[in-house]
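Enquirer: please find the sequence and the predicted model below.
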Amino acid sequence: MRTLIAGCGYVGAALGEFLARDGHAVWGIMRNAESLAGIQTISADVTRPETLSQLPIGLDAVVYAVGAGGYDEARYRAVYVDGVRNLLDALISQRQQPRRFVFVSSTGVYAQHSGEWVDETSPAEQTHFPGATLLAGERLAHSCAYPATVVRFGGIYGPGRTRLIDSVRDGSATVSTKQSYINLIHRDDCAGILHHVLASDAPQSLYLGVDNQPVDRRILLEWVAERICVAPPRVVENSESTRGARSNKRCNNARITAEGYSFRYPTFREGHGGLIG
């Protein structure tokens, strides 16, 4: 299989390594190309269509895993709307015929915030710019000329991404008096799910990429504190306007697990336990 990964960052590079180990030819688009194991990197920028004029020929699959690179509406639109359109236009103009286009999205597209369970059939009606922009990118993917699959990942953590653990260790972490569910997934399971989708003969159009156990943020951080032998985080009042309050939901991963995907890190305990040591 000849696969192009647009965005060889934290998840894209891990996916590329998985595919390369399986003997696939892998190319990766990066704004500043660097050497990556098993991946032939290409210096290009999806927000600059002129840099996409010479993609590898005969692509079988394309994965769009570009990170925004900043938390502002203009940047999100440039990457998740204009960038998607630019890459799709380049594929069409170069007469590429990939059998699968995969768009990496986020569970942040859901507006539910009262601890509800959500799955692939739940309405995604986020109006805040990050989720709303990702929904626009999803629509572009699903309306493109190629069979498309969207994967909505929860909060991604893993080697080098230990912000929650670090905040508990340095005492800056706080927890709310109100229950606030978060949905997590280890980087290796992000790559594993994308690999599963690419290997499937008939993947579905949408998957939730989260582990088996949504967890109250307070439970997670207190568990981390106990494991690293520090005081538990301070408890503070939580404002309904905060991003944490807006993201309070429980995501169900039954669709991907029903297809036989087995999580390397099925809950936060296995994943964070391995990072804590």
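Expert: On my side now, so go ahead. Numbering: from 1, shown residues only.

Enquirer: centre of the chain to stretch 61-71, how far?
Expert: 9 Å (Cα atoms, centre = their mean, to the nearest Å).

Enquirer: my bad, stretch 117-124
Expert: So, by Cα atoms, centre = their mean, the centroid of stretch 117-124 is 17 Å from its chain's centroid.

Enquirer: right, and residue 186 touches residue 265 too?
Expert: Yes. The pair residue 186 / residue 265 is scored as a contact, 4.0 Å apart, by Cβ atoms under 8 Å. Backbone N, C-alpha and C define where each C-beta goes, glycine included.

Enquirer: more neighbours: those two, which one.
Expert: Using other Cβ atoms under 10 Å as the criterion, residue 186 and residue 265 rank with residue 186 on top: 26 against 23.

Enquirer: and what about residue 89, helix, strand or coil?
Expert: helix (DSSP: H, G, I helix; E, B strand; the rest coil).

Enquirer: hmm, residue 50 and it touching each other?
Expert: No. At 11.5 Å, residue 89 does not count as touching residue 50 under the criterion of Cβ under 8 Å.

Enquirer: got any residues that touch both of residue 186 and residue 265?
Expert: 211, 271 (Cβ atoms under 8 Å, 6 or more residues apart in numbering).

Enquirer: wait, what's in contact with the closest residue to residue 163 other than its chain neighbours?
Expert: Nearest residue to residue 163, sequence neighbours excluded (Cβ to Cβ, 6 or more residues apart in numbering): residue 157, at 7.7 Å. Neighbour list for residue 157: 163-164, 184-187, 271-272, 275 [criterion: Cβ under 8 Å, 6+ apart].

Enquirer: list phi and psi for residue 157.
Expert: phi -140, psi 170 (degrees, to the nearest 10).

Enquirer: residue 225 too?
Expert: Per degrees, to the nearest 10, the backbone of residue 225 is at phi -60, psi -40.

Enquirer: distance of the closest residue to it other than its chain neighbours from residue 226?
Expert: Take residue 225 and drop its neighbours on the chain: the residue closest to it by Cβ to Cβ, 6+ apart is residue 232, 4.6 Å away. Distance, residue 232 to residue 226, using Cβ to Cβ, to the nearest Å: 8 Å.

Enquirer: comparing the two, which shows the higher neighbour count?
Expert: residue 232 (15 against 11).

Enquirer: state whether the more buried one is indeed within a strand.
Expert: No. Under three-state DSSP, residue 232 falls outside any strand and is assigned coil.

Enquirer: OK, contacts around it?
Expert: Neighbouring residues of residue 232 by Cβ under 8 Å, 6+ apart: 175, 221-222, 225-226.

Enquirer: phi and psi next, for it.
Expert: Per degrees, to the nearest 10, the backbone of residue 232 is at phi -60, psi 160.

Enquirer: count of residues packed around the closest residue to residue 22 other than its chain neighbours?
Expert: Excluding the flanking residues, the one nearest residue 22 by Cβ to Cβ, 6+ apart is residue 195, at 8.0 Å. Neighbour count of residue 195, defined by other Cβ under 10 Å: 20.

Enquirer: am I right that residue 195 sits in a helix?
Expert: Yes. Per three-state DSSP, residue 195 lies within a helix segment.

Enquirer: for the residue positioned nearest the centre of the chain, give me the pLDDT.
Expert: Nearest residue to the geometric centre of the chain (Cα atoms, centre = their mean): residue 153, 4.1 Å. Note for residue 153: predicted pLDDT of 98.

Enquirer: got it, and residue 176?
Expert: 88.

Enquirer: look up how far residue 102 lies from the nearest residue to the residue nearest to the centre of the chain once chain neighbours are set aside.
Expert: Counting by Cβ to Cβ, 6+ apart, residue 153 lies nearest to residue 209, which is 4.2 Å off, once chain neighbours are set aside. Computed as Cβ to Cβ, the residue 209 to residue 102 distance reads 11 Å.

Enquirer: which neighbours do those two share?
Expert: With Cβ under 8 Å, 6+ apart, residue 209 and residue 102 have common neighbours residue 151.

Enquirer: would you map the helices across the stretch 101-250 of the chain?
Expert: Ranges of helices within the stretch 101-250 of the chain are 129-142, 163-170, 187-199, 217-228, 243-246, based on DSSP state H, counting those that start in this stretch.

Enquirer: can you redo those helices as CSV with distance to residue 38 and mean pLDDT?
Expert: Shown next, in CSV, are these (distance: least, Cβ to Cβ, whole Å; pLDDT from 0 to 100):
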stretch, distance to residue 38, mean pLDDT
helix 129-142, 25, 97
helix 163-170, 28, 94
helix 187-199, 12, 98
helix 217-228, 33, 96
helix 243-246, 36, 52
